[in-house]
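S.K.: 3D, please:
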Amino acid sequence: MPRRNRPGRRSDGGPPPERELGAATGWARAESGADGDWLVRTVPGSQATKVYRCPGCDHEIRPGTPHLVVWPADETGSVADRRHWHRACWEARARRRPSRRY
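M.R.: Residues are numbered from 1 along each chain as shown. Modelled structure (predicted):
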């Protein structure tokens, strides 16, 4: 019987390092920038079912559009602190500030 490969396993049997944070936060990754520490989750187009407004460009993110959900990494971040961003707007946030205030 052929051996079954199990990609992404560590030698000590635990989950891969990039998934440890994700498992605790709903598959989010940590990002740090001049504006602080953030948790970032990718939303594929197949799971994007609502209309959101991107704080980077103030345009709608239509259903079916892949995007990012971002919230502060500190313990005070809550559901109310989450924002849905276009990927390009999130990556350009250091060059341009959000155009809409919440």
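
S.K.: At which residues are the helices of this structure located?
M.R.: 17-25, 87-91 (DSSP state H).

S.K.: Buried ones in the last one, by neighbour count?
M.R.: Neighbour-count burial for helix 87-91, with 16 or more other Cβ atoms under 10 Å as criterion, is recorded at Cys89, Trp90. In this view, the C-beta of every residue, glycine as well, is placed from N, C-alpha and C.

S.K.: do the same with stretch 55-65
M.R.: Neighbour count says stretch 55-65 has Pro55, Gly56, Cys57, Ile61, Thr65 buried, by 16+ other Cβ under 10 Å.

S.K.: what pairs with the longest strand anywhere in the chain, and is each one parallel or antiparallel?
M.R.: Scanning the chain for the strand with the most residues, using DSSP state E, yields strand 36-43. Using DSSP bridges, the strands paired with strand 36-43 are strand 29-33 (antiparallel), strand 67-72 (antiparallel).

S.K.: Hmm, Asp74 is touching Leu39, no?
M.R.: No: contact criterion Cβ atoms under 8 Å: Asp74 and Leu39 do not qualify, at 9.6 Å.

S.K.: More neighbours: the two, which one.
M.R.: Set Asp74 next to Leu39 and count neighbours by other Cβ atoms under 10 Å: Leu39 wins out with 23 against 11.

S.K.: beta partners for that one?
M.R.: In this entry, Leu39 is beta-bridged to Ala30, Trp71, by DSSP bridges.
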